[in-house]
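Undergrad: build me a model from this:
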Amino acid sequence: MASSDPTKRPRPGPWPPAPESTAMPPSSWAKRTGFRPKFSGETNVSDSGQILSPKPKETDVNVDLESGRERTPLAATTANGVPETEKMPVVASDRDQTVRKRRDTEVVPKATVPGSNGQHRADPLPQVPNPKPNHEDVVGVLPQIVADDGFVGRHSHLKYELRDSPGLVPIGFYGLQHYLSILGSLILIPLVIVPAMGGSHEDTAKVVSTVLLVSGVTTLLHSFFGSRLPLIQGPSFVFLAPALAIINSPEFQGQNDNNFEHIMKELQGAIIISSAFQAILGYSGLMSLILRLINPVVVAPTIAAVGLSFYSYGFPQLGTCLEIGAVQILVVIIFSLYLRKVSVFGHRIFLIYAVPLGLAITWAIAFLLTEAGAYTYKDCDATVPASNIISEACRKHVSRMIHCRVDTSHALKSSPWFRVPYPMQWGTPIFRGKLAVVMCVVSIIASVDSVGSYHATSLLVASRPPTPGVLSRGIGLEGLCSIIAGLWGTGTGSTTLTENVHTIAVTKMGSRRSVEFGACLLILLSLVGKVGGFIASIPDVMVAALLCIMWAMLAALGLSNLRYSEAGSSRNIIIVGLSLFFSLSVPAYFQQYGVTPNANSSVPSYFQPYIVASHGPIRSRFGGVNYVLNTLLSFHMVIAFLIALILDNTVPGSRQERGVYVWSESETARREPAVAKDYELPFRVGRVFRWVKWVGM
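TA: Numbers count the residues shown, from 1 in each chain. Next up, the predicted model:
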């Protein structure tokens, strides 16, 4: 409910507003954020990608390409394709009406029509006569709940909203669906870092089981005591680059005995210290101050740089068995793009399950080729190391035998049926200052990633964006969750998975109960050792193909944050362009400095960008300073973050142009039961934080 104090906000004018003949039709960013177009030459584009005419006729139909439904035309809709009427009735099917309960605290919009970034429109939309809709125009399309003080409520087109408890069967089905759709984000990082540390397939299986356990536990903690949004916690790709840099540090190159366990203990120590720093950053309230500097123009290139930074690993690895890797990428592209609107029993399974379906089909093809003898050569054994092979004919085919066959890994056979991951299973963590400093900087990048995810998810499922206190509380708990990840030894920290936001939008599942159910399922699966062994047996070329897809999606999801700003603004275009270009060019300078071409190195070519600490351009008398600066400035995401942060906060620009994130006010949130129920802590735990205003409501 909006505040009734007239001194805080002027009283709304008459509704509908008078037509304004000189008003320009809103472009796509204006539809989504409520901003007025100034110098953006952007074509009017719907949120599903359809180009719309700036002057709709009565016969025009606005179609949502994702859902396959028709909407009312642009001029007669809000920022999310909902008719701008004073009373916004909910149009739903009988099935939805039996599940969704109306919140007794949600109000009917009165006067203002805000954008999805939580800001008022500066001036009213032009009046255009409503066309005559077809009888199926609004079937199944539910309007938003819009408060009169400028914040957008729930996107009621979701099948289940944040606080819905639809029953055990729907929760189980959608919970499993939710986690399967982001399976790649959960399992791919261990498949990369464990072999890089010299670990065996059995070690990979143990780390995968540990990741599943920690992800389940931390997701439950975040759902109950963090931001309370339906976000999955897991190993983020933000931590992959620093983990590889630590793994390839010069002091670890000469070790042979127990190299995996020693490096894992070094990673654990660095993660624990950086996680404690992140927890202090959140629970001390410092995150609330940093929020003033973090906007979509900063978040977009930073997260995009995370996905773009691993280009040297993706396709070079995939090319070791091109006929398998290329097929997997093509299958995923066909499912996720060309067949995305095909529904089976009312569910777009090809879009939702593109990654696991592509993996299963490609794995089956590789298995058939292996059994048919396509990768079998006379007197050659794929299990014999390449260095021990004498025959020249076998040396010629050893790469294809290792990377194309599906039976080279014995992880599934050797893994136990039951195993419980436990803290410090690799030994006592080792703490080093220079490694901890690198991870502390990366934890700030992870927090920036989470800020964008919190805001985007709240626009999908919650009644309002979270308050700065709720956001600080979420960042603080993510730090505690990363401490758990460090103690158990996952190799990376735990943070909000950016891909989760896209999954919510696609599956239309916003209930936190489904995420909690899936987290419990992950915990149970982590106790079955064969599950980790099965995942560890995925051929390397398929892992590389999945990573190509996941990193491309991560780059796109990062850039999608620009929809909250004036995407066509020359100011923003220059800032994002400079950030992305220099995020690729500056690290290349550090990574290539002092490297002799064709030099013999024990490090594989795709990992050589992470050995910069041994040859970087910064060479002072202090070895620790050299290590930290050379390593940090070789990270693409760090360069993108620094450039975007400095430029966005120093180059003049209006709040509308910058797309400044707007968060709910604490006092207003406390007065509104709907907002309080979305974000308040359960079991009366919130009473503990009453005296700490910056981490409460």
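Undergrad: stretch 525-540: how far from the chain's middle?
TA: Relative to its chain's centre, stretch 525-540 lies at 23 Å (CA atoms, centre = their mean, to the nearest Å).
Undergrad: same check on stretch 312-323?
TA: In terms of CA atoms, centre = their mean, the centre of stretch 312-323 is set 24 Å apart from its chain centre.
Undergrad: mean confidence for stretch 647-662?
TA: Mean per-residue pLDDT for stretch 647-662: 91.
Undergrad: can you give me the first-to-last residue distance of it?
TA: One end of stretch 647-662 to the other measures 20 Å (CA to CA, to the nearest Å).
Undergrad: buried residues in stretch 336-349, which are they?
TA: Of all the residues in stretch 336-349, those buried under the rule 16 or more other CB atoms under 10 Å are Ser336, Arg340, Arg348, Ile349. All C-beta atoms are positioned from the backbone trio N, CA, C, and that covers glycine.
Undergrad: inside helices: which ones of the residues you listed?
TA: Counting by DSSP state H, the part of the buried residues of stretch 336-349 found in helices is Ile349.
Undergrad: save the buried residues of stretch 336-349 as TSV, and put in pLDDT and distance to Leu168 too.
TA: TSV is the format used below for those (pLDDT from 0 to 100; distance: CB to CB, whole Å):
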residue	pLDDT	distance to Leu168
Ser336	87	30
Arg340	84	29
Arg348	79	23
Ile349	83	22
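Undergrad: just the closest of the buried residues of stretch 336-349 to Ala485, please.
TA: Closest approach to Ala485 among the buried residues of stretch 336-349 (CB to CB): Ser336, at 29.5 Å.
Undergrad: touching, the closest one and Phe350? I think so.
TA: Yes: between Ser336 and Phe350 there is a contact at 7.2 Å, judged by CB atoms under 8 Å.
Undergrad: check contacts around the residue nearest to the spatial centre of the chain.
TA: Among the residues of the chain, the one closest to the centroid is Thr498, at 0.8 Å (CA atoms, centre = their mean). The contact partners of Thr498, by CB atoms under 8 Å, 6 or more residues apart in numbering, come to Ser236, Ile303, Asp449, Gly452, Ser453, Leu554, Leu557, Gly558.
Undergrad: and Ile334, how far from Tyr627?
TA: In this view, Ile334 and Tyr627 are 45 Å apart by CB to CB, to the nearest Å.
Undergrad: who has more neighbours out of these two?
TA: Tyr627 (25 against 14; other CB atoms under 10 Å).
Undergrad: the helix or strand where the more buried one lies packs against which elements?
TA: Tyr627 belongs to helix 623-632 when assigned by DSSP states H and E. For helix 623-632, the contact count by 3 or more CB pairs under 8 Å, 6 or more residues apart in numbering; DSSP states H and E identifies helix 433-461 as packing neighbours.
Undergrad: which parts of the helix it packs on are buried?
TA: Neighbour-count burial for helix 433-461 [16+ other CB under 10 Å]: 434-461.
Undergrad: please enumerate the strands of the stretch 551-697 of the chain.
TA: With DSSP state E, counting those that start in this stretch, there are no strands along the stretch 551-697 of the chain.
Undergrad: likewise for the chain?
TA: Taking DSSP state E, the strands of the chain run over residues 62-64, 69-71, 144-146, 152-155, 233-235, 494-496.
Undergrad: need the contact list for the closest residue to Ile273 other than its chain neighbours.
TA: Distance criterion CB to CB, 6 or more residues apart in numbering; nearest residue to Ile273, sequence neighbours excluded, is Ala436 at 3.9 Å. Going by CB under 8 Å, 6+ apart, Ala436 touches Gly269, Ala270, Ile273, Ser274.
Undergrad: let me know the pLDDT of the first one.
TA: With respect to pLDDT, Gly269 has a value of 94.
Undergrad: now Leu460
TA: pLDDT, Leu460: 86.
Undergrad: quick one: distance of stretch 561-577 to the chain centre.
TA: On the basis of CA atoms, centre = their mean, stretch 561-577 sits 20 Å off its chain's mean C-alpha point.
Undergrad: quick one: buried residues of that stretch?
TA: 561-569, 571-572, 575-576.
Undergrad: which stretches of this protein have low pLDDT?
TA: Residue ranges of the chain with pLDDT under 70: 1-157, 254-258, 379, 381-391, 596-602, 688-697.
Undergrad: at 50 instead, please
TA: Residues of the chain meeting the criterion pLDDT under 50: 1-12, 14-17, 19-116, 118-125, 128, 130-156.
Undergrad: tell me where the stretch 451-600 of the chain has helices.
TA: 468-488, 499-507, 512-526, 529-536, 540-559, 570-592 (DSSP state H, counting those that start in this stretch).
Undergrad: tally of neighbours for the closest residue to Ser579 other than its chain neighbours?
TA: Of all residues not flanking Ser579 in the chain, Pro301 sits nearest, at 3.7 Å (CB to CB, 6+ apart). Around Pro301 there are 33 other residues, counting by other CB under 10 Å.
Undergrad: equivalent analysis for the one 5 residues further on, please.
TA: Neighbour count for Val306, taken as other CB under 10 Å: 29.
Undergrad: could you check how far Asp449 is from Leu368?
TA: Remark: distance between Asp449 and Leu368 (CB to CB) = 40 Å.
Undergrad: kindly report the same for Tyr283.
TA: Distance from Tyr283 to Leu368, by CB to CB: 54 Å.
Undergrad: more neighbours: which of these two?
TA: For Tyr283 and Leu368, the more surrounded residue by other CB under 10 Å is Tyr283, and the numbers stand at 20 against 11.
Undergrad: surely that one is in contact with Gly469?
TA: No: using CB under 8 Å, Tyr283 makes no contact with Gly469, being 10.6 Å away.
Undergrad: run a quick check on Val675 versus Ser664, I expect a contact.
TA: Yes: using CB under 8 Å, Val675 is in contact with Ser664, at 6.4 Å.
Undergrad: quickly list what's touching both of these two.
TA: Joint contacts of Val675 and Ser664 (CB under 8 Å, 6+ apart) are Arg464.
Undergrad: follow-up on the earlier one: out of the helices of the stretch 451-600 of the chain, deepest packed?
TA: helix 468-488 (a mean of 26; mean count of other CB atoms under 10 Å).
Undergrad: can I get that one in CSV? Just the C-alpha atoms.
TA: The C-alpha coordinates for helix 468-488 follow below in CSV (Å, rounded to 0.1, in the frame of the first residue of the first chain):
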residue,chain,number,x,y,z
PRO,A,468,18.9,-2.2,0.6
GLY,A,469,18.7,-4.0,3.9
VAL,A,470,17.4,-7.2,2.3
LEU,A,471,20.0,-7.0,-0.4
SER,A,472,22.8,-6.5,2.2
ARG,A,473,21.4,-9.4,4.1
GLY,A,474,21.5,-11.6,1.0
ILE,A,475,25.1,-10.6,0.2
GLY,A,476,26.1,-11.3,3.8
LEU,A,477,24.5,-14.7,3.7
GLU,A,478,26.2,-15.5,0.4
GLY,A,479,29.5,-14.8,2.2
LEU,A,480,28.6,-17.3,4.9
CYS,A,481,27.5,-19.8,2.2
SER,A,482,30.9,-19.4,0.5
ILE,A,483,32.6,-20.2,3.8
ILE,A,484,30.7,-23.4,3.8
ALA,A,485,31.9,-24.1,0.3
GLY,A,486,35.4,-23.4,1.4
LEU,A,487,35.2,-25.7,4.4
TRP,A,488,33.7,-28.6,2.3
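Undergrad: straight-line length of stretch 654-673, end to end?
TA: Start-to-end span of stretch 654-673 (CA to CA) is 33 Å.
Undergrad: name the residues of it that come out as buried.
TA: Buried, per 16+ other CB under 10 Å, within stretch 654-673: 656-666, 668-669, 672.
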